[in-house]
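Colleague: coordinates only, no sequence provided:
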């Protein structure tokens, strides 16, 4: 049998337990609105909003796309890769650029010494001098013939000789150009020192960066199984994204479609455009090669990186959309925080389709209303604080 004191203690314990359950039930059943029926408001002025680094965005219309997600790889743009090769036999006398150096178009990369180019330059200078002399003789003979001082046969002979020397001069010039001598260098040859006749400048055909340097100073290059490629230049201001699209999804992909590119570990994404859809399928994977062009002015997209591409295969205009960062989950429901005169009002919303950082609002928000789009978790935490009525 229990004593009177033990019985009283048991009754008090049961009463306390019932009270705790009732309080917990009342707390879980707390209405989402204030007693006056108005939605909960977080009081916050402009100064506090700025201090909390809360950004504001206006809800409004947007284009929401359905995207096909496929893996991809960053590769150099094939049209922005240059293999710098020599067109004559010689020896590398000077290297002015090394691997990793930035270059601009027509900048000198290296200097070769070549007997072949020396012979070609000498032949050009000789042909130039012979042509100039013969042109002067022909002009003089023409004047004498017009004055009846010499017979016509002498003038015709002189004119034929002038045509031949002019042809030899043109051939010598074309030979230099075929060896890589520029127009400016050819024009400067008559005033150039004799010691530079055997030198040949190797220039960059494009602006970019030296990705490979295949020779050293003193290396023999050119014909007879010698190295002919000196440098590989790459311009990475624009890169390609190579994608593998399955045969089932291929009908949805067209050239000109926009593509969003995301790299693991990076918060920002890039926007590109599909420039090529292969008509052939890989025999093993049954996937087609699709290439997208992507701007890379800041150099953050490195060739060889694995990325995920979202191809916009369908676009639909929606009336109300907000940044996805504006969405929070409060009491199991999606909500946004709408800017009011007093601060922010929590508003339950129904979400529609999402497109990257933008999401459609089906109901609960109107176009033109302003919502918090960053640091909304702090507003959610502020909302969960107990009020005066608690």
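Modeller: Alright, I've got the coordinates. Just so we're clear, the structure is a prediction, and the values are computed from it rather than from any experiment.

Colleague: quick check: which element contains residue 243?
Modeller: Assigned by DSSP states H and E, residue 243 belongs to strand 238-246.

Colleague: can you list the buried residues in the next helix or strand after that strand?
Modeller: In the C-terminal direction, the helix or strand that comes right after strand 238-246 (DSSP H and E) is strand 258-263. For strand 258-263, the neighbour count (16 or more other C-beta atoms under 10 Å) marks 259-263 as buried. Every C-beta, even on glycine, is put in place using the N, C-alpha and C of the backbone.

Colleague: which strands border strand 258-263, and is each parallel or antiparallel?
Modeller: Strand 258-263 has its sheet partners listed here by DSSP bridges as strand 269-281 (antiparallel), strand 306-323 (antiparallel).

Colleague: and it with strand 238-246, angle?
Modeller: Computed by axes from the mean of the first three to the mean of the last three C-alpha atoms, to 10 degrees, the angle separating strand 258-263 from strand 238-246 equals 100 degrees.

Colleague: who's in contact with strand 258-263?
Modeller: Strand 258-263 is contacted by residues 65, 67, 72, 241, 269-274, 292, 294, 300-301, 305-312, 356 when judged by C-beta atoms under 8 Å, 6 or more residues apart in numbering.

Colleague: and those residues, which are buried?
Modeller: 65, 67, 72, 241, 269-270, 272, 274, 292, 294, 301, 305, 307, 309-312, 356.

Colleague: what is the burial count for residue 101?
Modeller: 14 (other C-beta atoms under 10 Å).

Colleague: separation between it and residue 204?
Modeller: 10 Å (C-beta to C-beta, to the nearest Å).

Colleague: the helix ranked longest in the chain packs against which elements?
Modeller: The residue-count maximum for a helix in the chain (DSSP state H) belongs to helix 115-146. Judged by 3 or more C-beta pairs under 8 Å, 6 or more residues apart in numbering; DSSP states H and E, helix 115-146 is in contact with strand 90-95, helix 152-178.

Colleague: list the buried residues for the strand holding residue 243?
Modeller: Per 16+ other C-beta under 10 Å, strand 238-246 contains these buried residues: 238-243, 245.

Colleague: how about stretch 278-287?
Modeller: Buried residues in stretch 278-287, defined by neighbour count with 16+ other C-beta under 10 Å: residue 287.

Colleague: output the lowest mean pLDDT helix or strand found in the chain.
Modeller: Of all the helices and strands that make up the chain, helix 4-28 has the lowest average by mean pLDDT, DSSP states H and E, namely a mean of 43.

Colleague: and the helix or strand following that one, what does it pack onto?
Modeller: Heading C-terminal from helix 4-28, the first helix or strand you meet, by DSSP H and E, is strand 41-43. On a contact count with 3+ C-beta pairs under 8 Å, 6+ apart, strand 41-43 meets strand 343-348, helix 376-383.

Colleague: what about strand 41-43, distance to the chain center?
Modeller: Using C-alpha atoms, centre = their mean, to the nearest Å, the mean C-alpha position of strand 41-43 is found 43 Å from that of the whole chain.

Colleague: picking that back up, tell me the most buried of the helices and strands packed on strand 41-43?
Modeller: Across the helices and strands packed on strand 41-43, averaging neighbours per residue (mean count of other C-beta atoms under 10 Å) puts strand 343-348 on top, at a mean of 20.

Colleague: helices or strands next to that strand in the packing?
Modeller: Counting by 3+ C-beta pairs under 8 Å, 6+ apart, the packing neighbours recorded for strand 343-348 are strand 41-43, strand 333-339, helix 376-383.

Colleague: give me the low-pLDDT residue ranges for this structure?
Modeller: Counting by pLDDT under 70, the chain contains low-confidence ranges at 1-39, 225, 265, 385-390.

Colleague: 80 instead, please
Modeller: Within the chain, the stretches with pLDDT under 80 are 1-41, 65-66, 195, 223-227, 264-268, 314-316, 355-357, 383-390.

Colleague: now do the buried residues in the longest helix of the chain.
Modeller: Buried residues in helix 115-146 (16+ other C-beta under 10 Å): 116-118, 120-121, 123-124, 127-128, 130-131, 134-135, 138, 141, 145.

Colleague: cool, stretch 347-364 as well?
Modeller: Neighbour-count burial for stretch 347-364 [16+ other C-beta under 10 Å]: 347, 349, 351, 355-356, 358-361, 364.

Colleague: quick check, nearest of those to residue 48?
Modeller: Using C-beta to C-beta, residue 347 is the member of the buried residues of stretch 347-364 that lies nearest residue 48, at 19.7 Å.

Colleague: now that closest one, which residues is it bridged with?
Modeller: Bridge pairing for residue 347 - DSSP bridges - gives residue 336.

Colleague: the closest residue to residue 178 other than its chain neighbours and residue 343, how far apart?
Modeller: What sits nearest to residue 178 in space, not counting adjacent residues and going by C-beta to C-beta, 6 or more residues apart in numbering, is residue 87, at 6.7 Å. Counting by C-beta to C-beta, the gap from residue 87 to residue 343 is 74 Å.

Colleague: what of residue 74?
Modeller: Counting by C-beta to C-beta, the separation of residue 74 from residue 343 is 45 Å.

Colleague: do the same with residue 114
Modeller: Counting by C-beta to C-beta, the gap from residue 114 to residue 343 is 79 Å.

Colleague: contacts only, for residue 279.
Modeller: Here residue 279 is in contact with residue 288 (C-beta under 8 Å, 6+ apart).

Colleague: run a quick neighbour tally on residue 337.
Modeller: Neighbour count of residue 337, defined by other C-beta under 10 Å: 29.

Colleague: over to residue 222?
Modeller: 18.

Colleague: contacting residues for the nearest residue to it once chain neighbours are set aside?
Modeller: Ranked by C-beta to C-beta, 6+ apart and with sequence neighbours excluded, the top spatial neighbour of residue 222 is residue 89, at 3.0 Å. Neighbour list for residue 89: 114, 116, 220-224, 226 [criterion: C-beta under 8 Å, 6+ apart].

Colleague: I'm done for today, thanks for sticking with me.
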